[in-house]
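Asker: sequence plus the predicted model coming up.
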Amino acid sequence: MIFQNDYWTYIEDFFELVAQSGGIMVIISGIIAISWLGIDRKRRGSFSKRKLEQEVEKPKQRMLILLKLISWSGLVVGVLCVWAGAMGLILDIPPSFRYVEATEAHANQFTCLYLIIIGIAMFFKPIKDLPLSSLFGILVGAVATILFATLVPDTVLADYILGKYFKYICIAIFIIVACTVAVLFKFYLKIFVLISKVLSFPPVALGIAIFALIQGIFLYGFGLSVPNIIQNL
């Protein structure tokens, strides 16, 4: 019975729901921004004084682990935020059902752009310390080598010289592709990591958390966007 279910339909419905729930994703992004503040607070002991993580008391260590788990959830939530923002812009989807009454079912471009930017920051925040560029380079190098080995005709391998040195050619292709991709990816990765660091800086993260919670409440409670309200004052 379990294999008779159409799971792909459920996945499509889920992503469609996410695309229509920009306001909720804004609120969730605010909660994750609060976790950034909490992590920095627990590590330092205060926002102005640095404390080593080993010096933090055990009850606070448990809270720090919880905050880290919330921050790490940004790997998934960040992707969903980018999806909600991008689909909102592309398909002109409003961020909430209440927002439809005020805009005649049009997207809020500010909310969409916010979700894309904060989604990227949430995704790269927890993985900034991982050797992501090296892992990505190895993956692409392996795929390129496998494709090369698969596509080479048997007539080429039948040649004595090419057949003898074929494995060394594959190794060379793997090293060249892996190193090239890793260097290029690392260059562009630094840009996204920098955005993540800036947005997770305590004063900035506090502003994001406050704005996200207020923006989300206004979108779902009143069908309004904070920037539009400020503009009309």
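Answerer: Ah, there it is. Numbers count the residues shown, from 1 in each chain.
Asker: which residues touch the residue nearest the centre of the chain?
Answerer: The residue at the geometric middle of the chain, judged as the C-alpha nearest the mean C-alpha position with Cα atoms, centre = their mean, is F123 (2.6 Å). Taking Cβ atoms under 8 Å, 6 or more residues apart in numbering as the definition of contact, the neighbours of F123 are 74-75, 78-79, 82, 192. Using the backbone N, CA and C atoms, a C-beta is placed for each residue, glycine as well.
Asker: can you count the residues close to G216?
Answerer: Neighbourhood size, G216 [other Cβ atoms under 10 Å]: 24.
Asker: about what we covered before: what about the residue nearest to the centre of the chain, which helix or strand?
Answerer: Assigned by DSSP states H and E, F123 belongs to helix 109-124.
Asker: now do the next helix or strand after that helix against helix 109-124, angle only.
Answerer: Sequence-wise, the next helix or strand downstream of helix 109-124 (DSSP H and E) is helix 132-151. What separates the directions of helix 132-151 and helix 109-124 is an angle of 80 degrees, with axes from the mean of the first three to the mean of the last three Cα atoms, to 10 degrees.
Asker: report the longest helix in the protein, please.
Answerer: Of all the segments assigned as helix in the chain under DSSP state H, the longest by residue count is helix 166-200.
Asker: and that helix, what other elements does it pack with?
Answerer: Applying 3 or more Cβ pairs under 8 Å, 6 or more residues apart in numbering; DSSP states H and E, one finds that helix 166-200 contacts helix 22-44, helix 109-124, helix 132-151, helix 202-221.
Asker: run the chain-centre distance for the third one.
Answerer: Between the centre of helix 132-151 and the centre of its chain there are 23 Å (Cα atoms, centre = their mean, to the nearest Å).
Asker: ok, and what's touching it?
Answerer: Outside helix 132-151, the residues that reach it (Cβ under 8 Å, 6+ apart) are 166, 170, 173-183, 185-186, 189.
Asker: and for S29, the neighbour number?
Answerer: Residues lying near S29 (other Cβ under 10 Å) number 29.
Asker: was I right about it contacting M122?
Answerer: Yes. With contact defined as Cβ atoms under 8 Å, S29 reaches M122; the gap is 6.7 Å.
Asker: what is in contact with those two at once?
Answerer: Taking Cβ under 8 Å, 6+ apart as the contact criterion, the residues that touch both S29 and M122 are 77, 81.
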